[in-house]
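Visitor: Fold the following and give me the result.
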Amino acid sequence: MTNRTPRSAFVALGAAVLLLTVLAPAARPVAAATKARAKARPTQSAHDAGKVLLAARKDVAAAQGHCAAHRDEPAAVLLEKTERSVDLALATKPEKRIRDGLKAVQKDVARLDKQVTARRVAALAALPPGHPLIGPADPAEVVADSIAFAALPPTEVAPAFELPLPGDEDDPAYALPALDDDAIAVEEHPLVDKWLDYFTGRGRPTFERWLERSGQYVDAMKLILEKEGVPTDLVHLVFVESGFNPQARSVASAVGPWQFIRGTANIFGLRVNSWVDERKDPEASTIAAARYLKHLYGLFNSWPLALASYNAGEGAVGRAIKRQGTRDFWALRLPEETRNYVPKFMAVLAISRDPSRYGFDQVAVAAPLAFDEVSLPGPVDLRALAAACETDLDVIKHLNPQFLRHAAPPRGDAVMVRVPDGAGERLMASLAAGTLELPKVAVPADPLVLRHKVRRGESLKGLGLRYGVSPATIAKKNRMSKSARLRVGRTLLIPQADVAMREARPAGTKTAASASGAAKSTQTVKVRKGQTLSEIAVAHGVTVAALREANGLSKSQSLQAGQRLRIPRAG
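Guide: This is a model prediction of the structure:
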């Protein structure tokens, strides 16, 4: 017996087709008009993603040059930075033209990364057993693992990894109490053994230099970590990051003992401008690092994963967990630098807990810095301050590495300065008695313009997207027409409208916003459908709390598509 479709079903289907045939011509113009309007509507994400695309293309070109010259380390750093920025830009779902450009950059990054990784694998294979980059473990296993990692096929960008922002009241890290267990476990693994062998062998002179220098800062940093409610063991991360050198700067422009990049520094309240860089301040940067690490631990509930995120970024680690289906750090496929970062920290931690076992108990560790802190009306001339304290300028600069020039700008009306131990009381007494007067100095704001040297293929429109300034403004500043072609090698002045607006206002005057007590704003954005406060805060380098305050939003209020938000100044 065969199954047959009832005649009534064919009748219904025919009616439906007829109805669609009649209605389709009328529906097409409406759909087409809607699509055209959507395509023509400018979006903030297109502008932001466009800037990322231009910067990514520039970085890929630079990485290509490094690869051609076999400079694998700087190439790897640039490729990792580019991959992270492109991933974040794609997660905002930009328009097709920019999305296609970003995906093309992804392919270039994957191709170059494969070249760099292949050369690194070949170099590993050529090393003898026992070399510090391989360790006493089976070299063939290390090389095979590297080859397997290099051979992984390129994957599509995983869905955006949802992260609460630092400063968001819903951030689970800020709900954590002070941690009772102050110890981070040193886990047994061949990579930990590798770094133990290195620090006790070929790398011993370097580690002894770090250990000697650490004495100046480690006790004060531990007190800050304890106060912030994180394990004091985390102070040993500074060995790995900078060797306790406040002036340390990485090839990726991370700065200071805890190696903050500028964007993360802004989020955690560190000032960075042409006069002061608080990433170099041992105290301020330790507070910021403690809060960042606490945030990361709140996300992953694992110190190995939190430390890996401190190195590679929480988004990179979160995506790796989603793709690979494991939360075991040792089983995750991560960039080579990050795979070694956590074991390196654990090796340092093991040595610090038992220095005599590893032969470091005889190292002459420097004494903690001894100083007084004084609050002075700013700006302060550091040369005059050194003379008043009967010391050298170099001593003042060593105690205050955050000040980049010979003047200390105030925060508000006063500036906190460290002076040699015992000099603070004498200095304040002399100022109070009128027998000493510190001269006033001028601290001009950061330059109102940036200088950009034109490279091949650049245009006014592209530079406008990159710097957030209209092409017409750039053309006017450089006395050229909007349609002019740029000459390669010419230096253009790029006006910074945000700074210009701030500096055009006479000192002491108040805007309507500041007079009413509201947060000062330099920009407004229109909320797109599905956007969250966290996403907008990340895009503009501010905290969720600052966004809420600037716009009078309560915790329970949700965003509406089309709503306009004021963006407060970061930092």
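
Visitor: so what secondary structure elements neighbour the one helix or strand P74 maps to?
Guide: Assigned by DSSP states H and E, P74 belongs to helix 72-91. Identification of packing neighbours for helix 72-91 by 3 or more C-beta pairs under 8 Å, 6 or more residues apart in numbering; DSSP states H and E yields helix 44-68, helix 96-126, helix 314-324, helix 336-353. C-beta here means a position set from N, CA and C on the backbone, and glycine is covered the same way.

Visitor: Output those helices as CSV; include the columns mean pLDDT.
Guide: Converted to CSV, those look like this (pLDDT from 0 to 100):
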stretch, mean pLDDT
helix 44-68, 78
helix 96-126, 79
helix 314-324, 90
helix 336-353, 95
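
Visitor: of these, which approaches V374 most closely?
Guide: Across the helices and strands packed on helix 72-91, V374 has its closest neighbour in helix 336-353 (33.4 Å, C-beta to C-beta).

Visitor: and after the closest one, which helix or strand comes next?
Guide: Going down the chain from helix 336-353, the next helix or strand is strand 371-377, by DSSP H and E.

Visitor: If we go by neighbour counts, what in that next one is buried?
Guide: For strand 371-377, a neighbour-count test (16 or more other C-beta atoms under 10 Å) marks F371, D372, V374, L376 as buried.

Visitor: Low-confidence stretches in the stretch 151-300 of the chain?
Guide: The stretch 151-300 of the chain contains residues with pLDDT under 70 at 151-182.

Visitor: need the helices for it, in chain order.
Guide: Assigned by DSSP state H, counting those that start in this stretch, the helices in the stretch 151-300 of the chain fall at 190-199, 204-214, 218-228, 237-241, 262-267, 282-300.

Visitor: and those helices as JSON lines, adding mean neighbour count and distance to G489?
Guide: As requested, these are arranged in JSON lines below (neighbours: other C-beta atoms under 10 Å; distance: least, C-beta to C-beta, whole Å):
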{"stretch": "helix 190-199", "mean neighbour count": "20", "distance to G489": "45"}
{"stretch": "helix 204-214", "mean neighbour count": "17", "distance to G489": "41"}
{"stretch": "helix 218-228", "mean neighbour count": "18", "distance to G489": "47"}
{"stretch": "helix 237-241", "mean neighbour count": "24", "distance to G489": "38"}
{"stretch": "helix 262-267", "mean neighbour count": "19", "distance to G489": "28"}
{"stretch": "helix 282-300", "mean neighbour count": "23", "distance to G489": "38"}
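
Visitor: Reformat the ones you listed as TSV; add distance to G552.
Guide: Output for these, formatted as TSV (distance: least, C-beta to C-beta, whole Å):
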stretch	distance to G552
helix 190-199	51
helix 204-214	47
helix 218-228	30
helix 237-241	39
helix 262-267	22
helix 282-300	26
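
Visitor: do you know which of the ones you listed lies nearest T92?
Guide: helix 262-267 (16.0 Å).

Visitor: ok, and which of the helices and strands packed on helix 72-91 has the densest surroundings?
Guide: helix 336-353 (a mean of 21; mean count of other C-beta atoms under 10 Å).
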